[in-house]
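Enquirer: Take a look and give me a structure for this.
(one chain, ligands or ions: 1)
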Amino acid sequence: MALKHPRHDGHRGRDIEVNPIFSREPLKVPRYALPAGEMEPGTAYQIVHDELMLDGNARLNLATFVSTWAEPEALRLMAECAEKNMIDKDEYPRTAELELRCVHMLARLWHAGDPRRAVGCSTTGSSEAAMLGGLALKRRWRERRRDAGAPADRPNLVMGVNVQICWEKFADYFDVEPRYVPMEGDRFHLGAQEAAELCDENTIGVVAVLGSTFDGSYEPVAEIAAALDDLERRTGVDVPIHVDGASGAMIAPFLDPDLRWDFLLPRVASINTSGHKYGLVMPGVGWVLWRDEDALPDDLVFHVNYLGGDMPTFALNFSRPGAQVVAQYYTFLRLGFEGYRRVQRTCRDVATRLAAEIGGLGPFETLTGGGDLPVFAFRVRDGDAGRFTVFDVSAALRESGWLVPAYTFPENRTDLAVLRVVVRNGFSHDLADLLLDDLRRVLPRLRAQDAPRRHAADGVSAGFAHGTEPKKAAPKKAAPKKARSAGRSGQP
Ligand SMILES: Cc1ncc(COP(=O)(O)O)c(C=O)c1O
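Expert: Below you'll find the predicted structure:
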């Protein structure tokens, strides 16, 4: 954990040894203390560069949803904008204008009734966007309760136990009771009836995930909206939906035009996405939009003027890099609708083919086929489970450089352990074939084992699973302070 000084120092207190070719410099520099004096930029660069060489190869990382490749032109624009602070809209009005254009493009893409009335902003990613979406739901619920003269001290948020960890954080940081609908049998995400059953007059909203982090499946947003319509008819309780489209909000508009999930559903109040996932920008940008001004209470928006001019802001950060927002605008401009469609279509083609081939190998059963998000999860069939686990497979693939995370599902399917593959732009059919070759190569060895070698508790060997850490499904009415479970994998 980066917050603490490392307790186990693998370097046994040794300083960093500088390559002796740099003879004018001190040959050792402290590892965890600020060096006493300066050094040549070239030497400092080489030290940092050499250390980073030991990071993994991003293109072989099938764990992350986040872009690992961008065009040189996008990178050039980012370098040109390195000094631009997103908050400083008076100083950088053109960057602010590009942000606004991106918001409008997304509002149209997500079918806002009147795109000019939709409001939204860029964020550092979907996590910040989720916090802002959740805060708006909470504030609107509080206003409604106060107007009705009802108590407003016990807000809850209903969601599937499969939500990404950012929603658990939101509930914890902002004192909202998380009500997780558990998985049941072959239902690995939020069900419509189950969501409606957990709602009451204290529910600030339901989070529907377009593209579960666990297996890539879309949650049935339209069915959830219909179940909540029915709830309102029966009880008068009116619960809005926030769609966490971290990945799917940049897939569905291009590949699933008939799917009803966005502002076309009147119950959808807000939507977030990660510009740095299938928005195809390098890490550091997300988006959150509200269907209209009514969905974003005005008193959440701060007006700052000490940088000159009036700047409305709704963000957790103040200063924030503008380069990623510029890169997002570049990518929208560069690809257009047809370009995005082609890129996402290719990802889905690679994912569905790879899932089918892995399913055909014999020992594996696919839970999803890559046909929603280009992401799929698979498990070891019972016949082979006595010999090796998904954690063995993950470790074996790591020998060839592949990062394929393995993890256990949450309540009530903790019996289920899976591997997950995220197909991103740049993961070609050729790379998929190489992965298949490596998988075929390690299988005879794994099948010859007399018993599994690695288990969920081995944690680190299974790789970081990007927010699929287990959480506790809350029984209705309970308000548990979530247990920090031991199964939580180490975060970088
Ligand atoms: C469904 C979902 N929501 C939220 C997040 C968090 O997104 P970010 O990494 O952009 O903060 C993720 C990340 O994988 C996700 O899959």
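Enquirer: how about low-confidence regions in the stretch 351-492 of the chain?
Expert: Per-residue confidence of the stretch 351-492 of the chain (counting by pLDDT under 70) places the weak regions at 458-492.
Enquirer: any idea where the strands of it begin and end?
Expert: Taking DSSP state E, counting those that start in this stretch as the criterion, the stretch 351-492 of the chain contains strands spanning 364-366, 375-380, 406-408, 417-422.
Enquirer: can you put the ones you listed in a markdown table and add mean neighbour count and distance to the ligand?
Expert: For glycine as for every other residue, the C-beta is placed from the backbone atoms N, C-alpha and C. Listed next are the strands of the stretch 351-492 of the chain as a markdown table, based on neighbours: other C-beta atoms under 10 Å; distance: least, C-beta to the nearest ligand atom, whole Å:
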| stretch | mean neighbour count | distance to the ligand |
| --- | --- | --- |
| strand 364-366 | 18 | 19 |
| strand 375-380 | 26 | 9 |
| strand 406-408 | 26 | 13 |
| strand 417-422 | 25 | 9 |
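Enquirer: Domain map for this protein?
Expert: According to automatic domain parsing, the chain comprises the domains 16-53, 76-331, 344-462.
Enquirer: Quickly compare the ones you listed and say which is most buried.
Expert: For the domains of the chain, average neighbour numbers computed from mean count of other C-beta atoms under 10 Å are highest in domain 76-331, which has a mean of 20.
Enquirer: what about that one, distance to the chain center?
Expert: 13 Å (C-alpha atoms, centre = their mean, to the nearest Å).
Enquirer: Briefly note if it comes near the ligand.
Expert: Yes. Using C-beta under 6 Å from any ligand atom, a contact is recorded between domain 76-331 and the ligand, made by 125-127, 130, 164, 166, 209, 211, 213, 244, 246-247, 274, 286.
Enquirer: Which ones among those residues lie within strands?
Expert: Val209, Asp244, Ser274, Gly286 (DSSP state E).
Enquirer: average pLDDT for stretch 213-224?
Expert: Along stretch 213-224, the predicted confidence averages to a pLDDT of 97.
Enquirer: So which residues of this protein form helices?
Expert: Along the chain, counting by DSSP state H, helices occupy 41-52, 72-80, 93-109, 126-147, 165-173, 192-198, 221-235, 252-255, 323-360, 382-385, 390-398, 429-448.
Enquirer: okay if I get those as CSV plus distance to Thr368?
Expert: As requested, the helices of the chain are arranged in CSV below (distance: least, C-beta to C-beta, whole Å):
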stretch, distance to Thr368
helix 41-52, 34
helix 72-80, 30
helix 93-109, 24
helix 126-147, 20
helix 165-173, 20
helix 192-198, 19
helix 221-235, 17
helix 252-255, 15
helix 323-360, 7
helix 382-385, 19
helix 390-398, 15
helix 429-448, 16
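Enquirer: how much space between Tyr278 and Arg320?
Expert: When distances are taken as C-beta to C-beta, to the nearest Å, Tyr278 and Arg320 turn out to be 21 Å apart.
Enquirer: Low-confidence stretches in the stretch 101-250 of the chain?
Expert: Within the stretch 101-250 of the chain, no stretch falls below the threshold (pLDDT under 70).
Enquirer: quick one on the thing from earlier: compare the domains of the chain and report which one is nearest to Trp69.
Expert: domain 344-462 (4.3 Å; C-beta to C-beta).
Enquirer: Measure how far that closest one is from the centre of its chain, please.
Expert: Centre-to-centre, domain 344-462 and its host chain are 20 Å apart (C-alpha atoms, centre = their mean).
Enquirer: In a markdown table, list the strands of the stretch 351-492 of the chain along with distance to Ala225.
Expert: Putting the strands of the stretch 351-492 of the chain into a markdown table (distance: least, C-beta to C-beta, whole Å) gives the following:
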| stretch | distance to Ala225 |
| --- | --- |
| strand 364-366 | 29 |
| strand 375-380 | 24 |
| strand 406-408 | 30 |
| strand 417-422 | 27 |
